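Novice: Provided below are the primary sequence and the corresponding predicted coordinates.
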Amino acid sequence: MSQYRLPQGGIVNRDAPLSFQFNGKTLSGFAGDTLASALLANGQHLIGRSFKYHRPRGIIGQGAEDPNALVQLGEGSRTIPNVRATQTELYSGLVANSVNCWPSVDFDVMAVNQYASRLLPAGFYYKTFKWPAKAWHFYEERIRASAGLGTIPNEPDPDRYEHVHKHAEVMVVGAGAAGLAAALAASRAGAQILLVDDQAELGGGLLAEQRQINSMSAYDWAKSVEAELRDNPKVQILTRSTAIGYYDHNFLTVVERRHDHLSESDREGVRERLWKVRAREVVLAQGAFERPMIYGYNDLPGTLLAGAVETYINRYAVKPGNKAVLFTNNDNAYSSAMAMLSAGMEVQVVDSRADAEHPLIAQATAQGADVLKGYVVTKAKGGKHVKEAVIQQLTPDGRGVVQDKQQQEVDLIAVSGGWNPAVHLHSHTGGKNRWDDEKLCFVPDSSPQRQVSVGSCNGSFDLYESINEGFAGGLSAAQKLNSTATAELGFIPAAESETADMRVSAMWLVPQNTTPERSPKAFVDYQNDTSAADIRLAVREGFHSVEHVKRYTAMGFGTDQGKMGNINGMAILAEALGQSIPETGTTTFRPLYTPTSMGAMAGSNLDDLFDPIRKTPMHAWHTSMGATWEDVGQWKRAWYYPDASEDMHAATKRESTIIHSNVAVLDASTLGKIDIQGPDAAEFLNRVYINGFKLLKPGRCRYGIMLNDAGFIMDDGVTTCLGENHYLMTTTTGGAAAVLNHLELWLQTEWPELKVYLTSVTDHWATISVNGPDSRKIVESLCSDVDFDSEAFPFMSFQDGTVAGAPCRIMRISFSGELTYEINVPAHMARHVWSAVFKAGEAYQITPYGTETMHIVRAEKGFIIVGQETDGSMTAHDVGYGGMFSSKKEFIGKRSAQRVHLKSPERKQLVGMKPVDGKTVAMEGAHILTNAADVALLTSLPLKEPIKMDGHITSSYYSPVMGHPIALAVVKGGQQRHGEKVMVSDHLGNVCEMEICATTFYDLEGAKQR
Amino acid sequence: MQNFSIFSLLRNSMTYHENWQQHWRSPVPKKQYDVIIVGAGGHGLATAYYLGKVHGITNVAVIEKGWLGGGNTGRNTTIVRSNYLWDESAHLYEKSLKLWEGLTKDINYNVMFSQRGVMNLAHSLGDMREVQRRVTANNLNGVDAVILTPEEISQRVPFMKINNTRYPVMGASFQPRGGVARHDAVAWGYARACDAMGIDIIQNCEVLNFLKDGDTVTGVETTKGQIMASKVGIVTAGHSGVMAEKAGFRLPIESHPLQALVSEPLKPLVDTVIMSNAVHAYVSQSDKGELVIGAGIDSYVGYGQRGSFQVIEHTMEAICELYPIFRRVRMMRQWGGIVDTAPDACPIISKTPVRNLFINCGWGTGGFKATTGSGWVFAHTLATGEPHDLNAAFSLDRFVTGKLIDEHGAAGVAH
Amino acid sequence: MYEIDCPWCGLRDESEFHCTGEAHIIRPEDPYALDDAQWTDYLHHRSNPKGLHFEQWQHSSGCRKWFNVARDTVTYEIKAVYKVDEPKPAFLLTDDQSANQATVESSEVKA
C-alpha cells in the first residue's frame, strides 16, 4: 500500500489490484481507479511537458478539463495519443508513456525553452524566423519537431467502429445528481428516455459526495435511482458514452467507448460506437468545471483543483499530498478542505475574501483547518513539484498585495477559483449564454433547440438545488410530449440543505507586487503556456477581440479547448481592456465536446463498404477470364482481358481487331437505363433532348443529346420507343443518377402537367453488346422469333425476342461502328444468355472486350464520350452536333445556347488528330500550342512565362485497324482548321506534330454498322 | 512601423515586452475617403494594402462588421496552390502564389508560408486523364506541376493506402511550390502594414446601406454614421449577396456552409498537403501538429457558420479509408465558414451595375490561396476603374455572355 | 443534421434529402422575349437571403419527390414544409409580400 492510498474509503475495489506501467515503471492500482488516481496513489504527479516551454506538467483535474495529464496510451497498432489520464479507467496491463518530452519526462532536453521564455512571448513567431527569406522552411521543421504532443500510431488500426441510430423522447446528458433526477422524473412521467454519461458508473459528482440524500448516502441514492431507471424498459442507459456534439433539430452524437477500459486480450467486437440520436426533448446535465487560480508558477505539478482533490480522496481513497495549501475565492471549496482534513492532511486555507463567512468555513475550522482570510497565494516554488507556497495579504481594496510574504512548505496546492457551468452542448447550435454577476460565471440563456439545462451546468451548484431543478427539468420535458404526465420526487431535498447560499468573489488574476509582465509567469492555458502577461501583451499590440486574443496567444487551443482556464483568460482580457466580462464575451463553443477518434466518426463505412460496389451479372465471368477492372462511378467494369503474356496494348490490339473482322462482346450493363411511360412521354423527351423525339415510332431508336439549363452538354445516349407511350432511355454509366435527378426535377417542378412516369431500370436489365460482322449469325442462332433481315430489323431499331430462352429486347444500335446487336436481358437471366452467346460464337472466335477497346473503336468512329470529350464547358455545336438542334421546339438549354459566347466561332471545337510521323501516340491531356515556334521554349518546364494554347487532346490511341495513332481533341475554331498541322506538347514538354482532321477515321460512310 | 526581427524581439525582452506598439489603431472614421473597402478579411485588407503600396492611394478605410480576419480568413484549411486548369484561373492564382512567396518580407510579418507541396490524388482513369491535362496546362502556363506515380506517392506518404482500397490511388498531380500559411497572420500582417500607411481599419462597424447619387455610389451608411467615398469595394465573402441586395443588384451567388475540423496536436508525420476530390479527403498537418481536415459543402444556403454532421461523417470515412493509421487519432474541434459559390466555381472581381461600386466575391472554397492576388487585382480595379488583365475574365458579365470559366469538373473545386 | 418533415413520408433525417436551391423561381413564359441579361437573372441570380429562405428539397433517398421548405438560413429553423405547387405559406409573409405573391399567381394563371 502506497503512502498516498488511504486505508479505507472510496469506491475502488481493493480486492482487485491491477498492475500497470508508466514510463517503463511497473505500478499498481485498483479496479475503479483512473490512470490519474492510480498514478497519484503512487505519488506520481509529473505526467508530461507543456507545448512551448516544455515545463513539467502534472495532474491538475479529474476529467475533461485537465489540459496536463496527457499520455500516450498503449503501444503498437492500438496506441492512442494524448489520452487524458483523468478519463482513463485503469486496466490490468495498461501501458502509458509521457508525451512531448525527450529523453524522459524527468529530464527533457527541450526544457531549455523555459530559460528562453522571455524571448518567446505570445506571437513571437510572427516577428522572427523571417531571415533569410527562404529560411522559414528550416526553422519550421525544428518548430514542428518540438511541437505536437503524442504520436500517431505507425500501424493501421485493427479495431472496428460502428454507428447506431436512436430516437429518444427525452435525452438526458449526464448522470450526476441533476441528470439522475431528470431521468427519474421523465421515467416516472412515462417518457421514453436515453440517459448517457461519460463515466463507467452513473452518479457523476455523487460518487465523491459525502452528504446524504433522502436519508441515505449520496452513492446509495444514485444506485437506487439507477435501479429504478434500469427497471423501466422505456429507459436506455449508456455509460462510458460522451455526448460530443449537439446539432440542429435536436440531433446529438454520442460516442460510446466499448472496450478501451479492458485489457487488450479481453477486447472484443467494436471499439467505439457512435450513437446518432434524434431527441424530441433534451435535458442537459453535464455539470460544471472548476476554475484554477492564476498566480506565479501556478502550473507546477502538485497543483490540483480543490474539487479534484476531494474526488481523489472520497472516490478513489487517494490523497494527492500530505501538507496542503487550499487557495480559494469561494465557500464551495471548504468541502474539499474537510475531505482533505478527513484524509489526515494538514490544510492551510488561503481565502482571498477578507469577509468570507459560511457555515462550511466554521465547520472546516472546527475540524482543524487554519484559515487565512484576505490572503492569496502569489507564487509557488519548486522544480518538478511544488515545495512552497508564497502567501501574501491583499490590500484592503483587493487590487494589490502587501509586501510581507509567508512561505509555507507544501506538497500540494489545491486551488478553487469558482465554477464554470459546462455550457458547451447548449452552445453548439447557437444557444446563447448570459453572465451571472452573483455566481460569476456564464449560464445558459436562450436556445433555438428544444432543450433545457439543469443542475450545475445551469449554474445551480448546490447539490439539493440541482436535484430539484433536475427533477423539474425532466418532468417538464416529459410534459411537453404528454401534457398530462406527472411525477413525484417523493422527498424534499431542500429541507436537507445546509450548504445553500454559497458565495464566490472575483479573483481572476492574483495581484502581485509587480506587474504581470515582471512577475513570475501565471499560466492561463497550461497546455499552451499562455500566461496572463501574454494576454496583456496581445491587448497592447491591438488585439482586442476575444477571438483575436485567443488566436494570438493560443489560449484555449489545447486539447481541453479552454475548459480549464478560458474564463479566467477572458476576465484578464476584460480587465486589460477596461470593460466587463460580458462585454468581452467568450470564444465560440463548438463540437467536439471532448476529442473523439476519427474511427468512431467514420463508423463502418470503410474498405469495401466505403462506397457501394456495383457489379454486373457477368462480373464473376469477367473475373474468371482474368479481366482487369476500371472503376466507373460505383461500377466495376471490365477494362481489358489480357492473355498470360499480354500487356494492355497487346490485349486491346487483339480485342479491337476481332471486332472489325469477326465478333466481340462488351458487357454494357452499366449504362444507365430509365424507363419512361405515360401519354406525354414523347413530349417530355422532346423537351429534354436537343433533337426531335415526337416522330420516333415504336420499334425505333434515336441518339439524343441533353443539355443543362445553361446550354452545356450534360449527357447523351440512345432512347428506344418500346411501344405506344413507352420509352427506354439510356444514359452514360457515370451520369445515370444525375440524369434521373435532372429529369425528375423538371417533371415535378416545371412540368407537373405532363403525365410521365420515370423508373430507373439500370439494375433490372443487363446489356450484352454483340459487335462485329459475325454478330448477326450468332444472335440469330439463339433467337428464333425475330426476323433478322435488315429490312425487317434495320439499324436503329429494336425487336422483342427470345434469346437462348430468355425474353429480351434486342437493339440494333452501335457504339463500335460495327454491325451490333445489343441484347437487353432481365438481369437474373443475363449470365445464362451471356454464356449462350459465347458458346454460339465459338466458331467465330468470339472474344470479350472491355472499356479500353470500347474507347478505341468508338474513337475510330469519332463518337464522343461525355465527360471525356466534354467537361461541362462544351456545347452541342462544339462537338459537331449543332445540326441536331431542333428549331421547331423548345428544350432545356436552348435559350442559354443562344447567348453571345456560346455561339462564338472562337470556341474550342471537337476535331480528329493524327500524328504527322504516323507513329507517335500523343498523350491524353497534351495541349496544342497556338504558336508552333513556342516549341523552342519547352526545354525546361514549367515555363517562366505562360504561352498560348489552343486546346487539348481528349482521347488518344493507337488504332490497329487504321495502322496509325488517332486522337480526338478540342481546338479553338477547330472545325475550320482541318488539314492544319499543329504542335502538341505533353506535361514533360515532349512535342509531337499533328494534323487536324475530321473526327471519323474508320468506315467514313458508316456502312458497317448498318 | 515598428520593425519585427529577432533583434527587436531581443531588445523588447529586456523591457518585458512592455513597449511593443499596437499592430493597428482603432481610428474614428473620417467623413470622406478616396476608397472604402467593405470587409476587413484577408482579401479586403490585401486590397487596401496594394492600393497604398502599388497605387499610392492611402486615404482608404476598411470597414469591418466584426473583428478583422474573422470570417473565412480565420476559418479555412490554409491551403495555397495555383495548379488550376483554365488559363484565366491559373494566371490569377499563380500571381497570388508569387505574391505569397514574398509576402513575409514584404509586410515584415511572418505569415509562415510553408511550401511543403500540394498533392491532388487521382483514383480512376478519368481522374488520371484530368491530371495529365491539368499538369500539362499548368506547365505551359508557368505553374510548376508534376505527375506522381503511385510508387512516388508511397515514398512521400508511406502511410497512405494506395492499393487494396475501394478507390485505389492511381497517381497524383503535385505542385511543389504549393503549401500552407498561417491564416490569421495574413490578416494581421496586412492590417498592420495598411495601418502603417495611414489606412484606417474600422472594426465593429457594420455597413447598413450604400449611399447613392443616381446610379453612382457616394458612400456608406454605417453603425458609426455616414462615411463618404469616391469608390467603394465590397469584399465580404459569405455576405456578398447581403451586401449586393443593399446596393440594389443581384448576384449569381449562393452562400453555403463549409466545414473543417482539426485533430489534437501530434508529432509531425504529414509533411505535405494531400487532397482527394474523388473521395472528399483533404489533409495537412499544422506546425502545431494538428491534422487539418477540410470537409465538403453543405447543400443548403446557410449563414450559421455551422453545417450538418453527415458531411463531417463522410469526410471522416474518406480520411480513415485513405489513412488507416489515423483511425485512433482524435479530432478536437470542428467549425464552419460561409462560402459564396458561383455557378462556375470561379470568383467575381468586377464592376457592378452601380457606378464606382466594385465587388470581389464568389471564391467558393478556394479564397484563402488567392488572398494576395485577389487584393492585387482588386486594388488595380478600384484604382483605375477598370479590371486588370488578370481579372478581366472574372467579370459579372460572363454570366450574361456565357463565357464561364468552369473549374467544377476539372481542377478541383474544393479548397 | 436537420430533421425534415417530408409532405409524403413524414419526419426523416436530412441525410435522406438534398437541397436543390431556391424555390418559386418562375421560368419565363417566353425565354426569347428576354435579352441575355434578363435571361441571366432567371438562370443564375439568386436571392440568397440571410434569414427566411424558400427552397426546394428532394427526398432523394426516399419518395424522390421535390417539395418546398421555408427555412431560416441563420438559425436553421424550418418554418414550414409544403408541396411544390403550393404558394409560400401566408403566415410567413409580410403584407407586401402577400400582395406580390397574389399578383404573381394571377399572372401565372393567365399565362
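Specialist: Thanks, I have the structure now. Keep in mind that what you see is a predicted model, and the values were worked out from it rather than measured. Numbering: from 1, shown residues only, chains lettered A, B, ... in the order given.

Novice: can you list the domains in the chain?
Specialist: In the absence of a named chain, chain A is used. Listed by automatic domain parsing, the domain ranges of chain A are A:13-115, A:120-146, A:160-288+A:421-481, A:293-416, A:515-609, A:611-670+A:766-863, A:672-761, A:905-1010.

Novice: was after chain B, sorry
Specialist: Per automatic domain parsing, the structural domains of chain B span B:6-13+B:30-78+B:183-252+B:346-401, B:115-179+B:255-341.

Novice: what's the average pLDDT for the first one?
Specialist: Domain B:6-13+B:30-78+B:183-252+B:346-401 shows a mean pLDDT of 97 in the predicted model.

Novice: One more: the last one?
Specialist: Looking at domain B:115-179+B:255-341 alone, the average pLDDT works out to 96.

Novice: okay, how far is it across stretch A:58-70, tip to tip?
Specialist: Using Cα to Cα, to the nearest Å, one end of stretch A:58-70 lies 9 Å from the other.

Novice: Tell me which of the domains of chain A sits nearest to B:V283.
Specialist: Comparing the domains of chain A by their distance to B:V283 (Cβ to Cβ), the top pick is domain A:515-609, with 10.5 Å. All C-beta atoms are positioned from the backbone trio N, CA, C, and that covers glycine.

Novice: Out of the domains of chain A, the one nearest B:I348 is which?
Specialist: domain A:672-761 (16.3 Å).

Novice: and the closest one, how far out from the chain's middle?
Specialist: 38 Å (Cα atoms, centre = their mean, to the nearest Å).

Novice: In contact with residue 13, which residues?
Specialist: No chain specified, so I'll use chain A. Residues counted as contacts of A:N13 (Cβ atoms under 8 Å, 6 or more residues apart in numbering or on different chains) are A:F30, A:A31, A:G32.

Novice: switch to chain C, that's the one I care about
Specialist: Residues in contact with C:D13 (Cβ under 8 Å, 6+ apart) are A:H165, A:F251, A:R278, B:Q310, C:M1, C:Y2, C:E3, C:I4.

Novice: And the helices in chain C?
Specialist: In chain C, the segments counted as helices under DSSP state H are C:36-43, C:95-110.

Novice: of all those, which has the lowest average per-residue confidence?
Specialist: Ranked by mean pLDDT, the helices of chain C bottom out at helix C:95-110, with a mean of 58.

Novice: interface residues of chain C facing chain B?
Specialist: C:1-2, C:13-15, C:18-22, C:36-37, C:40-41, C:43-50, C:53, C:55, C:71, C:73-76 (Cβ under 8 Å from any Cβ of the partner chain).

Novice: Of the contacts of C:D13, just the buried ones, ChimeraX syntax please.
Specialist: In ChimeraX syntax, the buried subset of the contacts of C:D13 is picked out as below (16 or more other Cβ atoms under 10 Å in any protein chain shown):
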select /A:251,278 /B:310 /C:1,2,4
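
Novice: CSV please, covering the contacts of C:D13 and showing distance to B:V186.
Specialist: Converted to CSV, the contacts of C:D13 look like this (distance: Cβ to Cβ, whole Å):
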residue, distance to B:V186
A:H165, 42
A:F251, 35
A:R278, 40
B:Q310, 32
C:M1, 33
C:Y2, 34
C:E3, 39
C:I4, 39
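
Novice: List just the nearest of the contacts of C:D13 to A:M994.
Specialist: Looking across those and measuring by Cβ to Cβ, the closest to A:M994 is B:Q310, at 47.7 Å.

Novice: ok but that closest one is inside a helix, no?
Specialist: Yes: looking at B:Q310 with DSSP: H, G, I helix; E, B strand; the rest coil, it is inside a helix.

Novice: Now it. Nearest residue, chain neighbours left out?
Specialist: Of all residues beyond its chain neighbours, the one nearest B:Q310 is C:S15 (4.4 Å), with distances taken as Cβ to Cβ, 6 or more residues apart in numbering or on different chains.

Novice: What count of nearby residues applies to that neighbour?
Specialist: Number of residues near C:S15 (other Cβ atoms under 10 Å in any protein chain shown) recorded here: 17.

Novice: which residues does it contact?
Specialist: B:Q310, C:M1, C:S61.

Novice: if you look at stretch A:704-712, does any of it touch chain C?
Specialist: Yes: using Cβ under 8 Å from any Cβ, stretch A:704-712 comes into contact with chain C via A:D709, A:A710.

Novice: What strand or helix carries the residue nearest to B:C346 when sequence neighbours are not counted?
Specialist: Distance criterion Cβ to Cβ, 6+ apart; nearest residue to B:C346, sequence neighbours excluded, is B:I405 at 4.6 Å. Using DSSP states H and E, B:I405 sits within no helix or strand.

Novice: my guess is B:I405 contacts B:L85, does it?
Specialist: No: counting by Cβ atoms under 8 Å, B:I405 stays clear of B:L85, with 9.1 Å between them.

Novice: Spit out the contact partners of the residue nearest to B:C346.
Specialist: For B:I405, the contact set (Cβ under 8 Å, 6+ apart) comprises B:W86, B:E88, B:S89, B:D344, B:C346, B:A393, B:F394, B:R398.

Novice: In CSV: those, plus neighbour count and secondary structure.
Specialist: Output for these, formatted as CSV (neighbours: other Cβ atoms under 10 Å in any protein chain shown; DSSP: H, G, I helix; E, B strand; the rest coil):
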residue, neighbour count, secondary structure
B:W86, 21, coil
B:E88, 21, helix
B:S89, 27, helix
B:D344, 24, coil
B:C346, 26, coil
B:A393, 20, helix
B:F394, 25, helix
B:R398, 23, helix
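
Novice: ok, the residue of the stretch 151-300 of chain A found nearest chain C - contacts?
Specialist: Residue of the stretch 151-300 of chain A nearest chain C, by Cβ to the nearest Cβ: A:H249 (4.2 Å). A:H249 is in contact with A:R278, A:Q449, C:M1, C:Y2, C:E3, C:Y76, C:I78, counting by Cβ under 8 Å, 6+ apart.

Novice: cool, and C:Q97?
Specialist: C:K88.

Novice: Next one, pLDDT for the closest residue to chain C within the stretch 701-850 of chain A please.
Specialist: Minimum separation of the stretch 701-850 of chain A from chain C (Cβ to the nearest Cβ) falls at A:Q748, amounting to 4.7 Å. Here the pLDDT value assigned to A:Q748 is 97.

Novice: just to revisit the earlier point, what about the residues of chain C next to chain B, which are in strands?
Specialist: Residues of those located in strands (DSSP state E): C:D13, C:H18, C:C19, C:T20, C:G21, C:E22, C:H53, C:E55, C:R71.
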